[in-house]
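> here is a sequence with its predicted model. Questions after.
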Amino acid sequence: MSANKILTILAAGIGLSGSVLAQQSLETDYRRTGKAVTAIFEAQRQVLQTSSAVIRDGRKEIGYGVVISGNGYILTKASEISSATALTVTVDQQTYPDAKVLQVDPAWDVALIKVEANGLIPVTYASTSDVPQGTWVVANGATTRTSRRLLAGIVSAKIREIPATGGAALGVVLNAKSKALTIDKVDDKSDAKEAGVVAGDIILSIDGKKVKKSEDLAEALKGHKAGDAVKLTLKRKEEEITLEVRLMTRGEMLTDQMNRNDQMSGDFSARRSGFPRIMQHDILGNSKIVGGPLLDLEGRCLGMNIARANRAESFAIPVEDLKKLAEEMVKKIE
């Protein structure tokens, strides 16, 4: 079905609702998740069926992925799968156990996964992400055991950078009563946790620069961005150890300090800032919609969904950046 025909049907459906003054709400079938609207996007749903992946940890669905090659390379959001212990991937109706994470790009929060497969259907990249605001786009919604469902929305802002909220942080809380830089708590979602930092460790230096007080720590992290890796030297009991830790955003450590918009936004992504460039769209959903492709009305990939930011904003990596990232990550492996 052509893009023009889709828009004509959508306009007709909206017209059936009557004027704003005459009717306070649109009939259920003609809302964005209604049967009359989702049926119009069946061709795009078929692309999601064959070229997006469902990512699970055991039986728990944790996100989606973008199929980028016929031989099993898939991109997804790294932070959503970082704690997975039994990673499986489903493409169309075929499930691939023992999926392997080959590489992570912390700046974009993207992971490269490999499954043992041949004959997969990769996404077709759009020629540009420079589309007008108001352009219809489609992404993964909920999924059943065998079928992908979809959500529709529009591009709602210009492409831009999303700076890290509050600057870069180690992902630890210091003991305020200690004279040394003693770690009181390690954020469960931080790379510090994954790297092996534990409560009770004392920070001695960062990248070889000695630190003795919180001001020294702040100075050592100055100029770093979320996703940067630092060498953290710690004292643990009588032993000194050095670990490589990737920094997180301060905003990720403040998920319990939500503003009013956050309180009304439902389930948003733990990491929703610190991206070099993003497309913004208004597709409704929760944090589990991320990782999959963002499609235009021709079924081409405009980008990869990377964050559910709040009730009105979802972010995607633009296709130009996604294509370059995919090529670079695969090249490093092969």
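Yep, that arrived.

> show me where pLDDT drops low in the stretch 101-250 of the chain?
Applying pLDDT under 70 to the stretch 101-250 of the chain flags residues 166-167, 250.

> quick one: the strands in it?
110-114, 136-143, 148-162, 168-169, 172-174, 183-186, 202-206, 209-210, 229-236, 239-246, 248-249 (DSSP state E, counting those that start in this stretch).

> nearest to residue 319, of those strands?
Across these, residue 319 has its closest neighbour in strand 148-162 (10.6 Å, Cβ to Cβ). From N, CA and C alone the C-beta is placed, and that goes for glycine too.

> buried residues, the closest one. List them.
148, 150-153, 155-156, 159, 162 (16 or more other Cβ atoms under 10 Å).

> how is the protein carved up into domains?
Per the record, the chain has its domains at 8-162+274-333, 168-251, by automatic domain parsing.

> chain center to the longest helix along the chain: distance?
Across the chain, the longest stretch assigned as helix under DSSP state H is helix 319-333. Its chain's C-alpha centre and that of helix 319-333 lie 16 Å apart, by Cα atoms, centre = their mean, to the nearest Å.

> which residues touch residue 84?
Going by Cβ atoms under 8 Å, 6 or more residues apart in numbering, residue 84 touches 55, 57, 62.

> on that earlier part again, closest one to residue 81 among the strands of the stretch 101-250 of the chain?
strand 110-114 (6.0 Å).

> what's the angle between that closest one and helix 319-333?
Relative orientation of strand 110-114 versus helix 319-333 (axes from the mean of the first three to the mean of the last three Cα atoms, to 10 degrees): 50 degrees.

> just the CA trace of strand 110-114, in PDB.
As requested, the backbone C-alpha atoms of strand 110-114 are provided in PDB (Å, rounded to 0.1, in the frame of the first residue of the first chain):
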ATOM      1  CA  VAL A 110      24.500  -0.300  21.300                       C
ATOM      2  CA  ALA A 111      25.500  -4.000  21.500                       C
ATOM      3  CA  LEU A 112      26.300  -6.300  18.600                       C
ATOM      4  CA  ILE A 113      24.800  -9.700  19.000                       C
ATOM      5  CA  LYS A 114      25.500 -12.800  16.900                       C
END
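
> which helices and strands sit right next to it?
Here strand 110-114 touches strand 73-77, helix 78-81, strand 100-105, helix 319-333, going by 3 or more Cβ pairs under 8 Å, 6 or more residues apart in numbering; DSSP states H and E.

> kindly recompute the last result at 6 Å.
Strand 110-114 makes packing contacts with strand 73-77, strand 100-105 when contacts are defined by 3 or more Cβ pairs under 6 Å, 6 or more residues apart in numbering; DSSP states H and E.

> how far away is the residue nearest to residue 102 when sequence neighbours are not counted from residue 323?
Excluding the flanking residues, the one nearest residue 102 by Cβ to Cβ, 6 or more residues apart in numbering is residue 112, at 4.9 Å. From residue 112 across to residue 323, the span is 14 Å (Cβ to Cβ, to the nearest Å).
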